[in-house]
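1. With the input below, show me the fold.
(one chain, ligands or ions: 1)
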Amino acid sequence: MSPAAYAVLDLDAVQHNLAKVRSCAPGAKVMALVKANGYGHGMLRIAEALHNTDAFAVARADEGIRLRKAGLKNRIAVLEGFICAAEVNDLLEYQLEPVLHSFSQLEILEARKEQEALTVWLKIDTGMNRLGFKAKDFSAVYERLKRCAIVRQPVNLMTHLANADDKNDDMTLKQILQFNQTVAAYPGQRSIANSAGILGWPQSLTDWVRPGVMLYGISPFPDSTGQELGLKPVMSLHSRLIAVKQIEAGETVGYGGRWMCDKSTALGVVAIGYGDGYPRYANTGTPVLVNGKRVPLIGRVSMDMITVDLATQPDAKPGDKVTLWGEGLPVEEIALGAETIPYALVCGITQRVQIIEN
Ligand SMILES: *Cc1c(COP(=O)(O)O)cnc(C)c1O
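-> Numbering: from 1, shown residues only. Next comes the predicted model:
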């Protein structure tokens with residue numbers, strides 16, 4: 001029997017999505033984002049499925065070390081860089097490529113004696129205001145890095161887009177312009193585009209692209225699904241009905257009695273809840289597939305169970321298959337119903353969910 005809550009991963013879809021990246025950004029090298037456990041899909045299995053990418057990117061050094069220990073030979077960028085000298089030792093040992101974004105990192109590198117041992121990505125903050133040097137500091141930082149023995153020359157140059165998922169926001173073009181002007185006179189490979197850049201902003205395409213969510217078949221835009229963009233969803237989350245019962249008008253369902261029945265109906269109880277990563281704030285009406293057909297979620301999501309209205313499916317019975325997102329039900333739509341983003345849904349799958357590779 002299949003486990004109660006399980007996620008089926010279509011690993012062939014990952015290659016399809018990588019091919020889509022390459023067709024949108026012909027000639028660009030691809031740095032595939034596998035941070036946060038491969039957006040919840042399992043970092044190592046996704047990295048293996050992406051064996052032919054030009055590089056991986058992770059947020060933290062420990063993620064990169066896990067990739068190396070698993071035997072992956074591709075280049076690996078570490079987006080949060082490092083904060084102390086001991087971490088530089090790890091980066092050297094495992095040949096990881098840190099993003100440089102602060103003066104304290106620069107000082108740590110200036111104190112090192114190794115020769116051309118570390119490939120680095122110099123990050124410019126063009127408006128995200130998270131990590132990166134301001135444009136006004138760029139040339140001074142670049143010159144100091146040029147004199148760092150440990151750094152392989154020329155350094156790679158990058159920035160990150162803050163609002164590329166909004167195709168009407170001119171901030172993106174301003175960021176691209178500021179980046180291009182800042183680095184214009186300097187050698188080094190450039191990288192700007194995340195998924196939204198790759199799919200929506202051709203001006204952001206340059207030597208390297210950095211797709212994340214689109215590799216998992218998910219749209220970076222709030223108004224479209226991955227499928228509409230020619231992507232294939234990788235994760236489908238499933239469970240099953242464990243009880244079906246009749247409830248009468250005036251009865252309430254679940255904690256807090258948040259949903260009251262206005263006419264008698266069949267109620268289904270599904271073995272999935274926030275303890276599996278199904279979103280606690282999914283609203284009544286969020287779609288769920290029972291035997292491939294849509295029914296609405298009703299009442300509060302609890303830790304282990306949700307309840308659905310089976311009025312349109314009088315024959316549904318315990319053991320029937322339920323799909324929470326993925327195959328036939330875009331995760332983007334569930335994110336809208338739960339007032340979150342699809343990134344957070346797939347990242348949030350918990351250990352209890354059994355993974356089945358397909
Ligand atoms: C996560 C991340 C990406 C990928 O973003 P997506 O929206 O998932 O494509 C690219 N660049 C940086 C710096 C990131 O942190």
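
2. Pull out the buried residues from stretch 289-302.
-> By 16 or more other CB atoms under 10 Å, the buried positions in stretch 289-302 come out as 289, 290, 295, 296, 297, 298, 299, 300, 301, 302. Glycine gets a C-beta too; all of them are placed from N, C-alpha and C.

3. actually stretch 99-118, not the one I wrote
-> For stretch 99-118, by 16+ other CB under 10 Å, it's 99, 100, 101, 102, 105, 106, 108, 109, 112, 118.

4. Let me see the ranges of the helices in the stretch 151-300 of the chain.
-> Ranges of helices in the stretch 151-300 of the chain, per DSSP state H, counting those that start in this stretch, are 171-183, 195-200.

5. Name the residues that touch the last one?
-> The reference is to helix 195-200. 21, 24-25, 161, 164-165, 167, 172, 204-205, 209, 211-215, 219-221, 229 (CB atoms under 8 Å, 6 or more residues apart in numbering).

6. Tell me the buried residues within the residues you listed.
-> Buried among the contacts of helix 195-200 (16+ other CB under 10 Å): 21, 24-25, 161, 164-165, 172, 204-205, 209, 211-215, 219-221, 229.

7. Next step: those residues restricted to strands.
-> residue 209 (DSSP state E).

8. restrict the buried ones among the contacts of helix 195-200 to those near the ligand?
-> 211, 212, 213, 220 (CB under 6 Å from any ligand atom).

9. Mind putting those residues into JSON lines with pLDDT?
-> Shown next, in JSON lines, are those (pLDDT from 0 to 100):
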{"residue": "211", "pLDDT": "98"}
{"residue": "212", "pLDDT": "98"}
{"residue": "213", "pLDDT": "98"}
{"residue": "220", "pLDDT": "97"}
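
10. Would you tell me which one of those comes nearest to the ligand?
-> Using CB to the nearest ligand atom, residue 212 is the member of these that lies nearest the ligand, at 2.3 Å.

11. Quick one: residues contacting the closest residue to that closest one other than its chain neighbours.
-> Excluding the flanking residues, the one nearest residue 212 by CB to CB, 6 or more residues apart in numbering is residue 33, at 3.4 Å. By CB under 8 Å, 6+ apart, the contact list for residue 33 reads 39, 56, 57, 58, 210, 211, 212, 215.
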